[in-house]
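Participant: next input, structure requested:
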Amino acid sequence: MATNLTNTPLLKLRHVQQIYASGSKRFTAVQDVNLTIFEGEFVALLGPSGCGKSTLLRIITGLQKPSEGNVLYRDQPLHGVNPHATIVFQTFALFPWLTVFENVDLALKARNIPAEVRTPRAIDLIDRVGLDGFETAYPRELSGGMRQKVGFARAMAVEPELLCLDEPFSALDVLSAESLRGELMELWTSGSIPTKAILMVSHNIEEAVFMADRIVVMDKEPGRIIAEVKVELPHPRQRKSDEFQKVVDEVYGMLAGQTESEAVELGSAPGEQGHTRALPQIAISDLAGLLEYLAELPTDRQDIYRLPEELNVDPNHIFSLTEAAEILGFAYVEKGDIILTSLGETFAEASIQARKEIFATRIRRLPLFRWLTTLLSHSENRALDWDVIQTALELEFPKEEAEKQLDTLINWGRYAELLSYNDDRELVYLETPVSQSTPS
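Facilitator: Just a heads-up that it's a prediction; the model follows:
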């Protein structure tokens, strides 16, 4: 439960949107977000990569101005950088030529705080995060967890009312991350830091349930809030408890969603009416491994939230694999469970060549793949330069995403023996004639 939750709003987002333009094309990164953060509250922004979590964090701290909507801090419009908020980034962002003390002291010096005030405050914070004795050490002498502790101390040195965390544990090893989470929660729940509220961006569901009082669930294409979950569990929270697992399962169900009709799942092709769905960036070998694992289990339905631990795979990667299985017709999702289809079972049990043939049949159905093969079939020598295809995809996706989509299309097409790619000439071409019909 919240440490000292009040009814006093600290921050409000009202109809916030972030839109990027590329030529005549507009891309909506964040769509119509409304969010209020109260004093005494720990809020987690949770969602897949590319849903706009970090963009919202930059907007909240004033590092980025939204295209539309309003940001209010204590009911006053925010203009420029928010002086009452600070960010801890996933990378340590320390100055390597400065000691631990100097890194923390620098944040205070930037606020023009007198030296006689800076020194005791910096030393006190270094002590509070457990680095007493390391004041004169340089970042190169510290472990990843210790370097991130310096980041926390530096962020808290200016006594921010709102502490923003941008996936602060993702660059750490498992044990360091777990230790630092616990230490931050001890500081927060004991009131040992002056911060009024914490807002954390994460894609780790268990991390969000372990730390937050409220989880704001986001989805992508475009980035938007789809649900909120209150976590009414006392601290310290027990990960193995039934109550904890119930909340985790609930959040997984929200993020995994439900398998929709084929028209919705597949989307439309570039240039056609409707939404062009991006393909998940996954390796076919990983997808095959997941399907094989599911096919060998004694029951048809499997809780998605159990898969990351069972397979020792990042939850975000599990969602990408699940999405790929859905759009290819190998599995469907229902109430947080994944269920193999008969085709998925057949693929899992098939020989190497049979898998390629099944996969080729399925990707021919995908609007984005049909679009690419149509372009190639009407081109000279049934081939096109990588840059030409990427430029066409940039009419549908931002530049970086367009490059990822083309890379995925080529990898999937090569596996299915439908496409080839000449890296020296950066040329994509059809390997074999592709039927223009849509096989079932």
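Participant: all strands for the stretch 201-350 of the chain, in order.
Facilitator: 214-219, 224-230, 301-303, 331-334, 337-340 (DSSP state E, counting those that start in this stretch).
Participant: and the fourth one, how far out from the chain's middle?
Facilitator: Distance, stretch centre to chain centre, for strand 331-334: 21 Å (CA atoms, centre = their mean, to the nearest Å).
Participant: quick one: least confident helix or strand in this structure?
Facilitator: One helix or strand of the chain scores below all others by mean pLDDT, DSSP states H and E: helix 262-266, with a mean of 66.
Participant: so can I have a markdown table of the strands of the stretch 201-350 of the chain showing distance to Tyr252, mean pLDDT and mean neighbour count?
Facilitator: From N, CA and C alone the C-beta is placed, and that goes for glycine too. Listed next are those as a markdown table, based on distance: least, CB to CB, whole Å; pLDDT from 0 to 100; neighbours: other CB atoms under 10 Å:
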| stretch | distance to Tyr252 | mean pLDDT | mean neighbour count |
| --- | --- | --- | --- |
| strand 214-219 | 10 | 91 | 21 |
| strand 224-230 | 11 | 90 | 15 |
| strand 301-303 | 7 | 86 | 16 |
| strand 331-334 | 10 | 88 | 19 |
| strand 337-340 | 9 | 90 | 20 |
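Participant: select, out of the ones you listed, the one closest to Leu180.
Facilitator: For the strands of the stretch 201-350 of the chain, proximity to Leu180 was assessed by CB to CB; strand 214-219 is nearest, at 19.7 Å.
Participant: who's in contact with that closest one?
Facilitator: Here strand 214-219 makes contact (CB atoms under 8 Å, 6 or more residues apart in numbering) with 35, 41-48, 51-53, 208-209, 224-231, 251, 254-255, 257.
Participant: my guess is Leu395 is in a strand, correct?
Facilitator: No: secondary structure of Leu395 (DSSP: H, G, I helix; E, B strand; the rest coil): coil, not part of a strand.
Participant: what domains does the record give for this protein?
Facilitator: 9-255, 284-430 (automatic domain parsing).
Participant: worst mean pLDDT among those?
Facilitator: Among those, domain 9-255 carries the lowest mean pLDDT, a mean of 86.
Participant: now that domain: how far from the chain's centre is it?
Facilitator: Worked out by CA atoms, centre = their mean, domain 9-255 lies 14 Å from the chain centre.
Participant: still on that earlier bit, could the domains of the chain go into a markdown table alongside distance to Gly271?
Facilitator: Listed next are those as a markdown table, based on distance: least, CB to CB, whole Å:
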| stretch | distance to Gly271 |
| --- | --- |
| domain 9-255 | 12 |
| domain 284-430 | 7 |
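Participant: out of those, nearest to Gly267?
Facilitator: Nearest of the domains of the chain (CB to CB): domain 284-430, 5.9 Å.
Participant: check the offset of that closest one from the chain's centre.
Facilitator: Per CA atoms, centre = their mean, the centroid offset for domain 284-430 relative to its chain is 20 Å.
Participant: okay, how far is it across that domain, tip to tip?
Facilitator: 20 Å (CA to CA, to the nearest Å).
Participant: tell me where the stretch 51-200 of the chain has strands.
Facilitator: Taking DSSP E, counting those that start in this stretch to define them, one finds strands in the stretch 51-200 of the chain at 68-73, 76-77, 85-88, 162-166, 197-202.
Participant: highest mean neighbour count out of these?
Facilitator: Most buried of the strands of the stretch 51-200 of the chain, by mean neighbour count (mean count of other CB atoms under 10 Å): strand 197-202, with a mean of 26.
Participant: partners of that strand, with directions?
Facilitator: strand 42-46 (parallel), strand 162-166 (parallel) (DSSP bridges).
Participant: adding distance to Lys335, write those out as a markdown table.
Facilitator: Formatted as a markdown table, these follow (distance: least, CB to CB, whole Å):
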| stretch | distance to Lys335 |
| --- | --- |
| strand 42-46 | 19 |
| strand 162-166 | 31 |
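Participant: for Leu409, which of the ones you listed is the nearest?
Facilitator: Of the strands paired with strand 197-202, nearest to Leu409 by CB to CB is strand 42-46, at 29.1 Å.
Participant: list the buried residues for that closest one?
Facilitator: 42-46 (16 or more other CB atoms under 10 Å).
Participant: please save the CA atoms from it in PDB.
Facilitator: Listed next in PDB are the C-alpha coordinates belonging to strand 42-46 (Å, rounded to 0.1, in the frame of the first residue of the first chain):
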ATOM      1  CA  PHE A  42       4.600   5.000  -6.100                       C
ATOM      2  CA  VAL A  43       3.400   4.600  -9.700                       C
ATOM      3  CA  ALA A  44       4.700   2.200 -12.300                       C
ATOM      4  CA  LEU A  45       4.300   2.800 -16.100                       C
ATOM      5  CA  LEU A  46       4.300  -0.700 -17.500                       C
END
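Participant: mind listing residues that contact it?
Facilitator: With CB under 8 Å, 6+ apart as the criterion, strand 42-46 contacts 2-3, 37, 53, 56-57, 188, 197-203, 205, 207-208, 211-218, 251, 255.
Participant: quick one, it and strand 214-219 angle?
Facilitator: 10 degrees (axes from the mean of the first three to the mean of the last three CA atoms, to 10 degrees).
Participant: okay, the strands of the stretch 201-350 of the chain in JSON lines with distance to Leu10 next?
Facilitator: Shown next, in JSON lines, are the strands of the stretch 201-350 of the chain (distance: least, CB to CB, whole Å):
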{"stretch": "strand 214-219", "distance to Leu10": "13"}
{"stretch": "strand 224-230", "distance to Leu10": "17"}
{"stretch": "strand 301-303", "distance to Leu10": "36"}
{"stretch": "strand 331-334", "distance to Leu10": "36"}
{"stretch": "strand 337-340", "distance to Leu10": "38"}
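Participant: for the ones you listed, which one sits closest to Glu403?
Facilitator: Of the strands of the stretch 201-350 of the chain, nearest to Glu403 by CB to CB is strand 214-219, at 22.5 Å.
Participant: tell me the angle the closest one makes with strand 224-230.
Facilitator: 150 degrees.
Participant: so Leu199 touches Pro160, yeah?
Facilitator: No: checked against CB atoms under 8 Å, the pair Leu199 and Pro160 is beyond contact range at 10.8 Å.
Participant: could you pull out the helices for the stretch 301-440 of the chain?
Facilitator: All helices of the stretch 301-440 of the chain, identified by DSSP state H, counting those that start in this stretch, fall at 307-311, 315-327, 342-349, 352-363, 367-377, 386-393, 399-415.
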